[in-house]
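K.L.:
Predicted model and sequence below, questions to follow.
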Amino acid sequence: MTPARNPRPRAILRIHFHPVERNDELYGHLLTVLDGVSPRIEPLPADWSAYVDLTGALTFWDRDVEGLIAVLRLRLLALHGVQSSAGAGPTRGIAAMAADATPPGAATVVVDDPYEIAAFLRPKPAAAPARHRPQDGPLPRPLRHHHRRRHRRHPAPHAPANPRHRTGQASPRLRPRPRRAPRRPGRRPQDHERRTPVRRRRARP
């Protein structure tokens, strides 16, 4: 039997362009530079950024993630004079968070390792990946209404649903119920031992 090969670690890149002047023609040229490194690109023209899947390109270029990002940023600067900032990680969310925390002219790489990912996410707030950011573009109308209704209908996680919890009183469901006394086993009276009730008649006046 042939030994099972270890899957290649994913490397997703989120790169932001910082040109002096922005126009559609320049953005198309920048995407062409990205396509020369990896054809798996997702353009994000709203904030002049893009996602690039470098998983397969690492083997083709025979470089690690840091080296391939350096080649990509050097091409952008040499061909078009555009400075860039990049963030890479095993998922799109981690790559986006790394790119947002990176200043122009630098790159942040989060290795596909549980300890590295935990160390990167530990100082981040818990709601950072799920929060909609302005640079992601406006939400569609149905999604925007759903987003508002969802946050209006469900209270915040830290807000107690029962107002009695705020005053310190226990909920009626949580109060201990009185325990009934257990029935003592006894002998059941026989039929001849039962007393028949005697009806008393009132004297007529």
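P.N.:
Good, I have the coordinates.
K.L.:
any idea which helix is longest in this protein?
P.N.:
helix 65-80 (DSSP state H).
K.L.:
residues of that helix that come out buried?
P.N.:
Within helix 65-80, the residues scored as buried using 16 or more other C-beta atoms under 10 Å are 65, 68, 69, 72, 73, 75, 76. To be clear about C-beta, it is placed using only N, CA and C from the backbone, and glycine gets the same treatment.
K.L.:
what's the weakest-modelled helix or strand in this protein?
P.N.:
Ranked by mean pLDDT, DSSP states H and E, the weakest helix or strand in the chain is helix 141-153, scoring a mean of 45.
K.L.:
Would you state the strands of the protein in chain order?
P.N.:
Per DSSP state E, the chain carries strands over the ranges 12-18, 41-44, 49-53, 83-89, 107-109.
K.L.:
now those as JSON lines including distance to residue 117 and mean neighbour count?
P.N.:
Listed next are the strands of the chain as JSON lines, based on distance: least, C-beta to C-beta, whole Å; neighbours: other C-beta atoms under 10 Å:
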{"stretch": "strand 12-18", "distance to residue 117": "13", "mean neighbour count": "23"}
{"stretch": "strand 41-44", "distance to residue 117": "22", "mean neighbour count": "15"}
{"stretch": "strand 49-53", "distance to residue 117": "18", "mean neighbour count": "20"}
{"stretch": "strand 83-89", "distance to residue 117": "8", "mean neighbour count": "23"}
{"stretch": "strand 107-109", "distance to residue 117": "12", "mean neighbour count": "20"}
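K.L.:
how about those strands, which one is nearest residue 24?
P.N.:
Ranking the strands of the chain by proximity to residue 24 (C-beta to C-beta) places strand 41-44 first, at 11.2 Å.
K.L.:
Who are the packing partners of the closest one?
P.N.:
Contacts defined by 3 or more C-beta pairs under 8 Å, 6 or more residues apart in numbering; DSSP states H and E place strand 41-44 against helix 24-35, strand 49-53.
K.L.:
Which strands or helices does the last one pack on?
P.N.:
When contacts are defined as 3+ C-beta pairs under 8 Å, 6+ apart, strand 49-53 packs onto strand 12-18, helix 24-35, strand 41-44, helix 92-100.
K.L.:
10 Å - rerun?
P.N.:
For strand 49-53, the packing partners by 3 or more C-beta pairs under 10 Å, 6 or more residues apart in numbering; DSSP states H and E come out as strand 12-18, helix 24-35, strand 41-44, helix 65-80, strand 83-89, helix 92-100.
K.L.:
what does that strand rub up against?
P.N.:
Applying C-beta atoms under 10 Å, 6 or more residues apart in numbering, the external contacts of strand 49-53 come out as 10-17, 27, 30-31, 34-35, 37-44, 68-69, 72, 84-86, 88, 92, 95-96, 99-100, 135-136.
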